[in-house]
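A.B. asks: model this:
(one chain, ligands or ions: 1)
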Amino acid sequence: MSLKTILAGSVFAMASFAASMAGATTIGFSQVGSEGDWRPAFSKNMQDTAKDYDVDLKFADAQGKQEEQLRAVRAFIAQGVDAIIIAPVVVTGWDDVLQEAKDADIPVFLVDRDVEVKDKSLYVTRISADFNLEGRLAGAWLAAASKGTCKIVELQGTTGSAPAIERKKGFEAIISQFPAMEIVATQSGDFTTEGGKKVMEAFIKSTNNLDGICASFAHNDNMQLGAIQAMKEAGLKPGQDVLMVSVDYVPAIKDALAKGEANASVELRSAVGGFIYPVVLDYLKNPHELDKWIVIPSDLHTAKD
Ligand code: GYE
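C.D. replies: Residues are numbered from 1 along each chain as shown. Here you go, the predicted model:
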């Protein structure tokens, strides 16, 4: 065999090795939907960074419907993917499908939102921010900004979703320490701008143009952006007449902070593929028990910082 043949042969072997490695890991990702500005940024980051980790990502958008997610997860199981990532719309209703994945020996990782299941061994771990802490950060900021005296209207996220449950709990844990702070009206705006606008219009009516209201706490920025529109249309000055605090820190709320129409937002990182894929890939190489929650940090921003 000539040297040339050997070299050509090894180049061929290397090329086919590389080809067999390309997209070597197939991961199914069931995403909530594309509501608001944060979620599409998160989806894009998951899709973009998949390439960096040699992941063949099967992306399924559930359009906010849990039935769609259950269908997608069952399809991933039938395809025999290497791992499944779920950002669950709501916390309940996951036991059966997670058991099916476990029976098929496909590890499941939760990202972003949480589930409530009887048997936590049904998923490997959850990689996510601490929504309760986000609520506490918002509450602590408002307690300081209002010197502990404040009537609040609250725009809740999707009913039954982990961030709506935990942001409310965390916020209430803080304001309950201040006798003159209270939530006087609360309603779900489903994490959307339109939802937030409708809810704020209803609050404006029911409180005689937000008379005596000192703050609006929205479980995400998009609802707050809708609330800002509604207030402006009613001739009110969001950020001045009423303190505006929310969660996500999306680009549009940064603009509102700069204009003085919003006052504070807790950042929820969207570029988290670099946190998530290494955890999944390491586990697939070496399956072992992990902590049930890998926490992504959160921090509060105002117009100044
Ligand atoms: O804050 C909101 C999105 O699940 C924590 O979902 C996430 C929330 C996020 O629609 O904007």
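A.B. asks: going forward, measure contacts between C-alpha atoms and count neighbours the same way
C.D. replies: Will do.
A.B. asks: how about the residues of the protein near the ligand?
C.D. replies: Taking CA under 6 Å from any ligand atom as the contact definition, the chain meets the ligand at 35-36, 38-39, 112-113, 163, 191, 220, 248.
A.B. asks: quick check on those: which are buried?
C.D. replies: Buried by 16 or more other CA atoms under 10 Å: 36, 38-39, 112-113, 163, 191, 220, 248, out of the residues of the chain next to the ligand.
A.B. asks: and those as CSV, adding pLDDT, secondary structure and distance to residue 277?
C.D. replies: Listed next are these as CSV, based on pLDDT from 0 to 100; DSSP: H, G, I helix; E, B strand; the rest coil; distance: CA to CA, whole Å:
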residue, pLDDT, secondary structure, distance to residue 277
36, 97, coil, 24
38, 98, helix, 19
39, 98, helix, 18
112, 98, coil, 14
113, 98, coil, 17
163, 98, helix, 22
191, 98, coil, 26
220, 98, coil, 26
248, 98, strand, 22
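A.B. asks: so where do the helices sit in the stretch 51-200 of the chain?
C.D. replies: In the stretch 51-200 of the chain, the helices defined using DSSP state H, counting those that start in this stretch lie at 66-79, 95-103, 131-145, 162-175, 193-206.
A.B. asks: for residue 244, find the nearest of those.
C.D. replies: Evaluated over those, closeness to residue 244 peaks at helix 131-145, with 8.9 Å, by CA to CA.
A.B. asks: the closest one vs helix 162-175, what angle?
C.D. replies: Here helix 131-145 runs at an angle of 40 degrees relative to helix 162-175 (axes from the mean of the first three to the mean of the last three CA atoms, to 10 degrees).
A.B. asks: buried stuff in helix 131-145?
C.D. replies: Across helix 131-145, burial judged by 16+ other CA under 10 Å covers 131-143.
A.B. asks: shaky segments in the stretch 1-150 of the chain?
C.D. replies: By pLDDT under 70, the low-scoring segments of the stretch 1-150 of the chain are 1-23.
A.B. asks: what segments of it are strands?
C.D. replies: 25-31, 55-61, 83-86, 108-111, 125-129, 149-156 (DSSP state E, counting those that start in this stretch).
A.B. asks: skipping adjacent residues, who's closest to residue 237 in space?
C.D. replies: Computed as CA to CA, 6 or more residues apart in numbering, the closest residue to residue 237 that is not its neighbour in sequence is residue 231, at 6.8 Å.
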